[in-house]
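> My questions are about this predicted structure, shown below with the sequence.
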Amino acid sequence: MQPSADTFPALLETRGLTKVFGKLTACDAIDLTIGRGEIHALLGENGAGKSTLVKMLFGSLEPSAGAIMWAGQPVRIAAPSEARKLGIGMVFQHFSLFEALTAAENIALSLPERTPVSAIAEKARALSAAYGLPVDPSMLVGDLSVGERQRIEIIRCLLQEPQLIILDEPTSVLTPQEADRLFETLERLRGEGKSILYISHRLDEVKRLCDAATVLRHGKVVAHCRPREETAASLARMMVGNTVPAVTRDTLPIKPDAPALLEVRALSRPPATPFSIPLRDIALTVHGGEIVGIAGVAGNGQGELFEAVSGEALQVDAGTIRIRGKDAGRLSISGRRLLGAAFVPEERLGHGAAPAMRLSENLLLSRHRTDRRTFFGRLGVVFAGAVRKASQRVVEQMDVRKSAVDPEAAALSGGNLQKFIVGRELDRRPAVIVINQPTWGVDAGAAARIRQALVELARGGSAVLVISQDLDELFEIADFIAVMHDGRLSKPMPRGEATSEAIGLLMGGAEPGHAGHVGAAA
Amino acid sequence: MLIAESILLTIATAATPLLLAAIGELVVERSGVLNLGVEGMMVMGAVCGFGAAALTGSPWIGMLAAILAGILFSLLFGFLTLSIATNQVATGLSLTLLGLGLSSMIGEAFVGSPGVKLPTLAQGIVEVPMIGSPIAGLLGTLSGIPVVGPLLFAQDPIFYISIALVVGVAWFLFRTRAGLVLRSVGDNHASAHALGTNVIGIRYLAVMFGGACAGLAGGHLSLVYTPQWVENMTAGRGWIALALVVFASWRPLRLLAGAYLFGAVSIGQLHAQALGLGIPTQLLSALPYLATVLVLVLISRNRRLTMMNTPASLGQPFVPDR
Amino acid sequence: MRFELVKRQQHSKLFSALSPFLALALTLVCGALIFATQGKSPVDGLYTYFVEPLLEVWSLHELAIKAAPLILIAVGLSVCFLSNNWNIGAEGQFIMGAIAGSILPVMFPTFQNGFVLPLMLIMGMLGGAAYAGIPALLKTRFGTNEILTSLMLVYVAQSFLDWLTRGPWRDPEGNNFPLTRRFHPDAVLPEVLPSSGSAHWGIVFAVVAAVLVWFMISRTVKGFEVRVLGASPRAGRFAGFSAKRMVFFAFLLSGALAGLAGISEAAGAIGYLQPVISPGYGFTAIIVAFLGRLNPLGIVAAGLVLALTYLGGEAAQISLGLSDKVARVFQGMLLFFVLGCDTLIHYRIRLVRDAVAARVS
């Protein structure tokens, strides 16, 4: 349902806006209308096309097709400077701030004029007071909280006097109180006749704040609506989709006596850096033959959870993590591997694999302790032949495409490298595997192969823990689904009981069971 | 002259080359570049300064030659690390090795030559028409002040340049837009690039400034400290300057304190040697180096101080993505 | 019109092999220029420097004597640099190794038997390793930059040696020269082929060490650990490797090898201790390590090349009246060109017409 043009004369309109990257259509004929004095939400999962759309509006990307109309006139936005000149400002999700400089200095650097820093500090102070965004211009950015840093980004943006402000997932880094403050600011801006494009996946906020919403899925617009007239549940359904994807695995009955191969008990972890999410009291059990999926939008503690479970970060109490019934909390990653666990991190190059080393050497990366006898002789001499054979076996098993016999890891495409990394672990037949974002940035064929391999591993009696932002994927392969939000893990629910709206609500931070209510006022 | 006065003067003379080389490197590192070639640039400045002075008879030309030598030599480093993105640590080391070798070769002709000493500021300025004489006279009177007089008013021009540079760099870095941009490049070169800053260009300028300072520091050694050319006469001062930058947490005024502290230690051990206190001279001459190690350890123990002040991009090569 | 660096997807194998030769060629060209500026014929200069020392057998022995410490030290440095530990203090470890290894012949000159030499060598290695342990300890305990600490310790070691040879270890019957007494025959590192020249066993140690370390780096799990921690520290952590332990491993190994080079030089080439026992081997070894592309086998060749420059310098001084300092300039230039040419391994050079063309793509 389009908001009628006569109620809100449109400030920005896109018609059939499309962006194609090679074979991938990131944005497919998107029609979007933002009125003056309107807070407009852009809703969608990761990979739905929100970032790409916004980059086109901001001039960082050039559209492949379609038109952008600004105040009724067609425009071509070729660079961020042109977007700024039109009056479009953007506050990014990942700040590009200089930590060793003060807030005022950071703001000054993004302004082209040669105004002295002290004058900018004054302007910034005035703005921050006017809009309820308290920031001390003389403080070093490195000392500021994430919420305060975001305020600098907003002030930076406001100083250029935009008419349309684009905010990309602004509350993903804020505490509830800071988020409240932000909303007051946005409402004040709206009152001044400015428009806001608010990108988010958080349904309660969108309902509270936004006048209109456009929902994207897989690069296409699936709905226009007025959030206040919707329920959180209906919004979730629009975002996540109504169809239950085809089940590609038979739901094997979980054997009642299947051993608990991976146990996480009351895992808490303070944030390691100012940007980290603390883990709060996480509990989880994965039995042999099970696949447990952890859903959740990026940035809710998944990486921190992976580090804790894998052993890159040790726990205080050895019993917090148990692998195959043995206490593993104080064991290093090699120790946990020796107990029969395998780990696949989110980042391929630089973490899961060494980019400059060959595939066969990368095989050794996670298996030099566990497969010592197969691959090494006395004095640690490498049996190159055995390593190459194993590497070749993995390549064949996972259908890894590569240009040379034993190329450097960096030369492989993302999907093929991921296949190799996953295959490297599966080749060991581990009793437990913990895998973070198994198919992120991976082409469809490779993704299917990887998921199939995980299913087969579980069928063989292993415990599989999958952390994934891709809900479709989890519905496809997981027996149980839990949701990670803000460092907490919800109680895993059997897949049969997990509806998209329940999951969507949990991902948005709401509680399932309130499906029929309008989101409670915070 | 009182003993106190002469001691202060010797400390200043010892500290000046350290201060100069260090303030240059401070600017370089603030822009995110680590140039370990300071020792090489310094010794090149020393030999070229001495040689030019010996050949022309003019210590002023010697001073200019020292600065020029430093700049040119630093451009070798700059080209490799900034335009070709080589490893900064290895390239800096090679600059030092090349500088030591090249200076030995060039300097062979000058070993044993009588030096041309740079006159004091007063003596130098007297030549300038109109204002020269009165200023020289003023300086002369002021240097009569007990204790600090000679220290502040009867020194060679390079001393005054070093102090002026410290103040100038402090003002530049923290009170000007250009200095702010430089600091932003050293903090996060990716963000600076995203904002449209010419990262490579700024770093080139910084490297050349560092070269000029190091060259001048070397010139001070061969034109003021010991007006002579001796092979490897920098004796590791370039490395101590690098340590001083860390010690000062990349802040110019702290650098001033650090350089003079080290100057005092160097002079102290020389005087201790002269006094014949029975401490082996070798132990005393090793003192500045041991002190450097100690200082480095103390500074790095305070992780927070290190993390907050080290330019975050230090040593990382920058190749702009297209 | 300017040039641009484009990162290669994979390291160029061609340039990995070609780069040292390219660097050598460029150095020779520059060298020829230097000879010309000094008023000597470039051809004569290059010939005297690089060909003449290879023509006589005794000269080949001299080459081996000079190459031995360079190779030994550089082999150790290759392990350090590969694991991203910058040991710049090898010169100091060389000196301390020489001192530690000389304790027996200098302080217990009457203890003379077949055990003396092996003990000296072992003590030399221990001394070098212990001295290298200092910057390693400071790096792991306090996070102190190892470049500066290891370098400062070089000056300390030099002062220490100076004091020893002028003070407590000075030969009482030596006419007040700052030398220790000559090592007795049991404490001297013998020649390998006494009939044809004076090369001592140091060169054998060097080649053996190079082969062993090469084997370790390329064929064992320890070598794998070294390379991974240097190239991708996070992947190294994922593999379960400890970066802190690697600091010690690298420093202690290279310290031991530098110490061995030191005592071999003192007991082989010189025969006693004096205030200066190294013409900068510890620093020239850095050049050898890079010229050899951090590969111990390549380092053997690179060590010979750099030893050649030392000999060439001496020869050129005698026959052409050319300053022997030119050798050091050669060495410095070589490293420069090696680093520059190495870029071609990681990047391709692309000439760009102007900015517009770049943007359209």
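Thanks, I have the structure now. Quick caveat: nothing in here was measured; it's all calculated off a predicted structure.

> Return the nearest residue of chain A with respect to chain B.
A:Ser96 (3.9 Å; Cβ to the nearest Cβ). Any C-beta I mention is one placed from the backbone N, CA and C, and that applies to glycine too.

> Would you mind measuring from that residue to A:Gly37?
For A:Ser96, the distance to A:Gly37 equals 29 Å [Cβ to Cβ, to the nearest Å].

> follow-up on the earlier one: surely the residue of chain A closest to chain B and B:Ala194 touch.
Yes. Between A:Ser96 and B:Ala194 there is a contact at 5.6 Å, judged by Cβ atoms under 8 Å.

> Show me which of those two is the more surrounded one.
Neighbours per residue (other Cβ atoms under 10 Å in any protein chain shown) separate A:Ser96 from B:Ala194, with A:Ser96 holding more: 15 against 12.

> What number of residues are in the vicinity of A:Leu349?
A:Leu349 has 17 nearby residues by other Cβ under 10 Å.

> wait, it sits on A:Ala409?
Yes. Between A:Leu349 and A:Ala409 there is a contact under Cβ under 8 Å: 6.7 Å.

> any residues in contact with both of the two?
Taking Cβ atoms under 8 Å, 6 or more residues apart in numbering or on different chains as the criterion, A:Leu349 and A:Ala409 both touch A:Pro355, A:Leu417.

> For chain C, what's the nearest residue on the stretch 151-300 of chain A?
In the stretch 151-300 of chain A, the residue that lies nearest chain C is A:Ala272 (13.6 Å; Cβ to the nearest Cβ).

> got any ranges where the stretch 201-350 of chain A has weak pLDDT?
In the predicted model, the stretch 201-350 of chain A carries pLDDT under 70 at residues A:240-255, A:273-275.

> Tell me where the stretch 301-450 of chain A has strands.
Here the stretch 301-450 of chain A has its strands, by DSSP state E, counting those that start in this stretch, at A:321-323, A:326-327, A:341-344, A:432-436.

> who touches the longest one?
Residues outside strand A:432-436 that contact it (Cβ under 8 Å, 6+ apart): A:261-262, A:286, A:302-303, A:306, A:309-310, A:323-324, A:340-346, A:422, A:425-426, A:454, A:457, A:462-467.

> For C:Ala316, give me its contacts.
Per Cβ under 8 Å, 6+ apart, neighbours of C:Ala316: C:Gly45, C:Thr48, C:Tyr49, C:Leu322, C:Asp324, C:Val326.

> which non-adjacent residue is nearest the third one?
Translated: C:Tyr49. Excluding the flanking residues, the one nearest C:Tyr49 by Cβ to Cβ, 6 or more residues apart in numbering or on different chains is C:Gly312, at 3.2 Å.

> Quick check, pLDDT for that neighbour.
In this model, C:Gly312 is scored at 87, pLDDT.

> distance of it from chain B?
Per Cβ to the nearest Cβ, to the nearest Å, C:Gly312 is found 14 Å from chain B.

> residues near that residue, how many?
C:Gly312: 26 neighbours (other Cβ under 10 Å).

> quick one: it and C:Pro53 touch, right?
Yes. Contact between C:Gly312 and C:Pro53 holds when scored by Cβ under 8 Å: they sit 5.8 Å apart.

> what are the ranges of the helices in the stretch 1-150 of chain A?
For the stretch 1-150 of chain A, the helices defined by DSSP state H, counting those that start in this stretch cover A:50-58, A:80-86, A:103-110, A:117-130, A:146-158.
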